[in-house]
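1. Sequence plus predicted model, see below.
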2 protein chains.
Amino acid sequence: MIRNILLTIEYDGTDFFGWQIQPEARTVQGEIQRVLKILCGTDVKVDGTSRTDAGVHALGQRASFMADLKGLPPEKLAYVMNNLLAPDVKILEAAVCPPDFHARYRAVGKKYVYKIMNGAPKDVFNRHFYYFYDRPLDPEKMREAAGQLVGTHDFRAFMAQGSTPQETTVRTIRSYDVAWKDRPELAEGCREITLTVAGSSFLYNMVRIMTGTLVEAGLGRIAPEDIPGILQSGDRSRAGHTAPPQGLYLAEVYYSEEELNG
Amino acid sequence: MIRNILLTIEYDGTDFFGWQIQPEARTVQGEIQRVLKILCGTDVKVDGTSRTDAGVHALGQRASFMADLKGLPPEKLAYVMNNLLAPDVKILEAAVCPPDFHARYRAVGKKYVYKIMNGAPKDVFNRHFYYFYDRPLDPEKMREAAGQLVGTHDFRAFMAQGSTPQETTVRTIRSYDVAWKDRPELAEGCREITLTVAGSSFLYNMVRIMTGTLVEAGLGRIAPEDIPGILQSGDRSRAGHTAPPQGLYLAEVYYSEEELNG
């Protein structure tokens, strides 16, 4: 019996060349498809919601696929897959869904978390999981700047140069939270800053460029009130640098407007 | 000019076959000696305080070596080495010390930290850095049991079977702290339990066997008041299981009794 299955997936992106399957490279999609081929006895194509880049992590990536599970009860699928998967990918949930459901086309929004460690030297244990940034950042300024990005805008200035042309570069950001806590055990004055952004969809590298822009706002190099002008300019060079992939986590995928609007 | 240098070293033990150099295996000592050979132009032998096992981490391993730094100022050595070392090893400090100093022979004690994540499923981000333990542990019982291990005892029952015979299996534990904090963001009821033990020296696998014994005390399988009898028996089978290496961190090495006694 062919079923349509929706997976919720956690992964440590460190040792993957991103989500999307590629010849000769270890990818999350490739790893999941390797396991499904063992279970189903045939090639299975898994469609992920987000094509995360190399080094980017997921707390709740989603992916759907149609397959015959060969008598394996769907409620045991996550457990069985986790026993076959490499330890850096974990299926948090596997749910049977209606035949016309699709993990990517049905998604109405996503939430990303970005973690910055501000004011501690990079340590060997956290190096894959944070953006280590030395110079002191003012998180209040970052919060103000984040507020300027919320809403529906043309985000062309926040898209990687050389991206595949898009029908439109208008996107909607529903919320952009900036939270912080002291981490004195890592270094005197060290602070962990967590950025959480939810929106309809995102342009290529948009979250990492928005992060770099907020970091520059935290430094005082970009003023929060400059953000509307940067958006209007559509000029990539006026936005901030592209923050590195290690700090980025795909946190959640939304399938209804109610979820997205919290 | 030949100098005697003392290194303080942090490492993520995940991708190392332990500290000690071995042919055909990646080890921390091997990685450090590779870099020193580049800097000094000749083979340099580094003596570490502790031969940590595969998967065991260090927050403050120590190692000393005699070498001619070829004009490189010792105060720049840590910086230069960190630029050449793989990212999972980091020199925290490099200090010139008297010619008769030796990182291992002069050590009078060590401190180890062991981290347990109690009551959360193993996640992909923390899998190398904690002992994930599902069944609920009573940390008060673990603290009581730890108190029974403090002092000078024959720890034969807490030594891995098949260890190299020792002149004596009597060792002194100066302090054994059990601390815990709730980690509700990982799972409901999840608690992080941190064991910190300082002592003169330790038998092979002693910290991991003491940890396994404290875990069994936390389960109620071993009563704190049974510990003196287990010590007296010298019987390995009466102590607890050997806890896995991922939770273990060599935290500090002491070179004076004052430091060791805190």
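-> Received, thanks.
2. What are the contacting residues of the helix or strand of chain A with the lowest mean pLDDT?
-> Sorting the helices and strands of chain A by mean pLDDT, DSSP states H and E puts helix A:257-260 at the bottom, at a mean of 77. Under the criterion Cβ atoms under 8 Å, 6 or more residues apart in numbering or on different chains, residues A:Val108, A:Gly109, A:Arg174, A:Ala198, A:Ser200, A:Tyr254 lie in contact with helix A:257-260. Quick note: C-beta positions are derived from backbone N, CA and C, even for glycine.
3. what does stretch A:95-104 give?
-> Against stretch A:95-104 from outside (Cβ under 8 Å, 6+ apart): A:3-8, A:47-50, A:62-64, A:66, A:74, A:253.
4. just checking, what packs against the strand or helix carrying A:Leu195?
-> Element membership for A:Leu195, per DSSP states H and E: strand A:191-199. For strand A:191-199, the elements it packs on are strand A:109-118, helix A:139-149, strand A:170-182, helix A:206-219, strand A:248-254, judged by 3 or more Cβ pairs under 8 Å, 6 or more residues apart in numbering or on different chains; DSSP states H and E.
5. switch to 6 Å and redo it
-> Counting by 3 or more Cβ pairs under 6 Å, 6 or more residues apart in numbering or on different chains; DSSP states H and E, the packing neighbours recorded for strand A:191-199 are strand A:109-118, strand A:170-182.
6. Counting by contacts, list what the helix or strand that the shortest one is followed by packs against.
-> What it means is strand A:109-118. Following strand A:109-118 in sequence order, the next helix or strand is strand A:131-133 (DSSP H and E). In terms of contacts (3+ Cβ pairs under 6 Å, 6+ apart), strand A:131-133 is packed against strand A:109-118.
7. angle of the strand it packs on against strand A:191-199?
-> 160 degrees (axes from the mean of the first three to the mean of the last three Cα atoms, to 10 degrees).
8. before we move on, back to that, between the contacts of helix A:257-260, which is closest to A:Met142?
-> A:Ala198 (16.8 Å; Cβ to Cβ).
9. what's the burial count for that closest one?
-> A:Ala198 has 22 neighbours, counted by other Cβ atoms under 10 Å in any protein chain shown.
10. State the pLDDT value of it.
-> Looking at A:Ala198, its pLDDT is 97.
11. Pull up the residues of the stretch 1-150 of chain A that are close to chain B.
-> Selection of the stretch 1-150 of chain A residues close to chain B by Cβ under 6 Å from any Cβ of the partner chain yields A:Glu10, A:Tyr11, A:Asp12, A:Pro87, A:Asp88, A:Lys90, A:Val124, A:Phe125, A:Arg127.
12. pretty sure A:Asp138 is touching A:Glu216, no?
-> No - in this structure, A:Asp138 is not within contact of A:Glu216 by Cβ atoms under 6 Å, at 11.2 Å.
13. still on that earlier bit, could you dump the helices and strands packed on strand A:191-199 into CSV and include mean pLDDT and mean neighbour count?
-> Listed next are the helices and strands packed on strand A:191-199 as CSV, based on pLDDT from 0 to 100; neighbours: other Cβ atoms under 10 Å in any protein chain shown:
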stretch, mean pLDDT, mean neighbour count
strand A:109-118, 98, 23
strand A:170-182, 97, 16
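14. who wins for proximity to B:Gln22 among the ones you listed?
-> So among these, strand A:109-118 is nearest, using Cβ to Cβ, at 33.7 Å.
15. before we move on, the earlier item: could you flag which of the residues of the stretch 1-150 of chain A next to chain B are buried?
-> A:Glu10, A:Tyr11, A:Asp12, A:Asp88, A:Lys90, A:Val124, A:Phe125, A:Arg127 (16 or more other Cβ atoms under 10 Å in any protein chain shown).
16. With pLDDT and distance to A:Ile227 added, can I get the residues you listed in JSON lines?
-> Output for these, formatted as JSON lines (pLDDT from 0 to 100; distance: Cβ to Cβ, whole Å):
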{"residue": "A:Glu10", "pLDDT": "98", "distance to A:Ile227": "33"}
{"residue": "A:Tyr11", "pLDDT": "98", "distance to A:Ile227": "32"}
{"residue": "A:Asp12", "pLDDT": "98", "distance to A:Ile227": "33"}
{"residue": "A:Asp88", "pLDDT": "97", "distance to A:Ile227": "36"}
{"residue": "A:Lys90", "pLDDT": "98", "distance to A:Ile227": "37"}
{"residue": "A:Val124", "pLDDT": "96", "distance to A:Ile227": "36"}
{"residue": "A:Phe125", "pLDDT": "95", "distance to A:Ile227": "34"}
{"residue": "A:Arg127", "pLDDT": "95", "distance to A:Ile227": "30"}
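17. before we move on, the earlier item: okay, A:Asp138 and A:Glu216: which has more neighbours?
-> Higher neighbour count among A:Asp138 and A:Glu216: A:Glu216, with 20 against 13, using other Cβ under 10 Å.
18. Pull the contacting residues for that one.
-> Residues in contact with A:Glu216 (Cβ atoms under 6 Å, 6 or more residues apart in numbering or on different chains) are A:Ile222, A:Gly240.
19. just to revisit the earlier point, I'd like the helices and strands packed on strand A:191-199 written out as a markdown table, with distance to B:Ala54 added.
-> As requested, the helices and strands packed on strand A:191-199 are exported to a markdown table (distance: least, Cβ to Cβ, whole Å):
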| stretch | distance to B:Ala54 |
| --- | --- |
| strand A:109-118 | 28 |
| strand A:170-182 | 34 |
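20. wait, which of those strands is closest to A:Pro244?
-> strand A:109-118 (10.1 Å).
21. domains for chain A, by residue range?
-> In terms of domains, chain A is parsed into A:2-97, A:109-260 (source: automatic domain parsing).
22. Give the residue spans of the stretch 151-262 of chain A that score low on pLDDT.
-> Applying pLDDT under 70 to the stretch 151-262 of chain A flags residues A:262.
23. who in it is up against chain B?
-> For the stretch 151-262 of chain A, no residue is in contact with chain B (Cβ under 6 Å from any Cβ).
24. and the residue of the stretch 151-262 of chain A found nearest chain B, how many neighbours?
-> Per Cβ to the nearest Cβ, A:Tyr249 is where the stretch 151-262 of chain A lies closest to chain B, at 9.2 Å. Using other Cβ under 10 Å, A:Tyr249 has 26 other residues around it.
25. Tell me how far it lies from A:Ser200.
-> Counting by Cβ to Cβ, to the nearest Å, the separation of A:Tyr249 from A:Ser200 is 19 Å.
26. can you check A:Val28 too?
-> Taking Cβ to Cβ as the measure, A:Val28 falls 23 Å from A:Ser200.
27. of those two, who's got more company?
-> A:Val28 (29 against 17).
28. So the more buried one is in contact with A:Gly13, correct?
-> No - assessed by Cβ under 6 Å, A:Val28 is found out of contact with A:Gly13, at 7.6 Å.
29. SS state for the residue in chain A sticking out farthest from the centre?
-> Distance from the C-alpha centroid of chain A peaks at A:Gly71, with 33.8 Å (Cα atoms, centre = their mean). Following DSSP: H, G, I helix; E, B strand; the rest coil, we place A:Gly71 in the coil state.
30. what's the distance between it and chain B?
-> 26 Å (Cβ to the nearest Cβ, to the nearest Å).
31. Just the pLDDT at that residue, thanks.
-> 90.
32. Against A:Ala95, how distant is it?
-> Distance from A:Gly71 to A:Ala95, by Cβ to Cβ: 18 Å.
33. Narrow the contacts of stretch A:95-104 to those in strands?
-> Counting by DSSP state E, the part of the contacts of stretch A:95-104 found in strands is A:3-8, A:47-48, A:62-64, A:66, A:253.
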